[in-house]
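Novice: Mind folding the following:
(one chain, ligands or ions: 2)
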Amino acid sequence: MSPVTTIGSVEGVVLAGGYSTRFGDTDKAVADLAGVPMIRRVVDRLATLTDAVVVNCRDEQREAIQAALSDHDVEVRYAIDPVPDRGPLAGIQVGLEAVDCEYAAVVACDMPFAEPALFEQLFEHARGHDGAVVRLEDGWYQTTQAVYRAASMARACEAALDDDGRIITAFDQLDVVIVGEDELEAISERTFESIDTQAALRDAERRLER
Ligand SMILES: Nc1nc2c(ncn2[C@@H]2O[C@H](COP(=O)(O)OP(=O)(O)OP(=O)(O)O)[C@@H](O)[C@H]2O)c(=O)[nH]1
Ligand SMILES: [Mg+2]
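Specialist: Ligands and ions are numbered 1, 2, ... in the order given. Below you'll find the model as predicted:
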């Protein structure tokens with residue numbers, strides 16, 4: 001049977017369309033982290049909530065990502081950026097447009113420690129609203145590890161891209177629940193760790209192997 005969250009059937013969206021410039025010459029999406037490609041770790045995390053995942057990437061990334069996800073139990077669909085390099089907001093839009101459910105968990109490909117329990121809590125907060133996003137103590141919104149109502153957020157992203165290109169402008173048009181970091185229940189800080197550099201990859205690898 002398909003996994004079902006407290007909010008019903010959901011899908012995952014993995015954002016992978018960036019150029020990984022801080023990471024170096026290779027694509028961090030498919031980088032090996034202790035024997036498993038980073039994007040596969042992310043899909044593994046989502047697979048506890050859903051059996052369908054949309055990967056947003058550029059056309060030329062697709063083959064390597066398909067190889068990294070080969071033989072995964074989850075159904076993977078690809079949402080290819082029509083115009084590359086328009087930033088994460090455009091990636092969220094393109095990914096969410098390919099979603100078939102009302103709500104989706106969005107996560108960046110470089111967050112291999114994303115906690116399924118966080119998404120469960122965000123789905124609970126998002127019920128009846130346009131999404132749920134964590135605000136960290138420093139005021140930063142964790143927009144790339146969040147839950148959105150797919151259709152309304154995709155439309156708001158499009159409008160924000162035509163305006164000032166800021167995700168907060170998209171939120172202004174929506175009823176997105178802002179969840180304080182202190183409201184999260186038993187979630188490790190590692191959930192928001194993103195692997196942007198080779199040094200961060202090595203550091204994560206050391207901790208995984210301990
Ligand atoms: N579709 C799309 N996704 C993007 C774009 N830029 C970033 N992202 C995604 O948004 C997430 C967070 O972005 P970053 O951590 O800055 O990733 P990045 O831009 O590939 O890496 P840097 O070049 O080092 O900034 C990652 O999952 C990226 O794949 C973009 O221009 N288009
Ligand atoms: Mg970037």
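
Novice: make it CA atoms for all contacts and neighbour counts henceforth
Specialist: Noted.

Novice: Could you grab the helix/strand/coil label for the most centrally placed residue in the chain?
Specialist: Nearest residue to the geometric centre of the chain (Cα atoms, centre = their mean): Val107, 1.1 Å. Put simply, Val107 is strand when judged by DSSP: H, G, I helix; E, B strand; the rest coil.

Novice: measure it to Arg206 for me?
Specialist: Using Cα to Cα, to the nearest Å, Val107 is found at 23 Å from Arg206.

Novice: cool, Asp175 as well?
Specialist: The gap separating Asp175 from Arg206 is 41 Å, by Cα to Cα.

Novice: List the residues that contact the residue nearest to Ile167 when sequence neighbours are not counted.
Specialist: Among residues not flanking Ile167 along the chain, Leu89 sits closest, at 6.3 Å (Cα to Cα, 6 or more residues apart in numbering). Taking Cα atoms under 8 Å, 6 or more residues apart in numbering as the contact definition, Leu89 lies against 157, 161, 165-167.

Novice: could you point out where the protein is predicted with low confidence?
Specialist: Applying pLDDT under 70 to the chain picks out residues 1-2, 210.

Novice: mind listing the helices for this structure?
Specialist: In the chain, the helices defined using DSSP state H lie at 38-46, 62-68, 88-97, 116-126, 150-162, 167-172, 198-209.

Novice: can you list the residues of this structure near ligand 1?
Specialist: 15-23, 57, 81, 84-88, 90-91, 108-110, 196 (Cα under 6 Å from any ligand atom).

Novice: how does it look with 8 Å?
Specialist: Contact residues (Cα under 8 Å from any ligand atom) of the chain with ligand 1: 14-24, 27-29, 56-58, 80-81, 84-92, 94, 107-111, 144, 194-197.

Novice: Quick one: buried ones out of these?
Specialist: Neighbour counting over the residues of the chain next to ligand 1 (16 or more other Cα atoms under 10 Å) leaves 14-20, 23, 27-29, 56-58, 80-81, 88-92, 94, 107-111, 144, 194-197 as the buried ones.

Novice: Looking at those, which are in strands?
Specialist: 14-15, 56-57, 80, 107-108 (DSSP state E).
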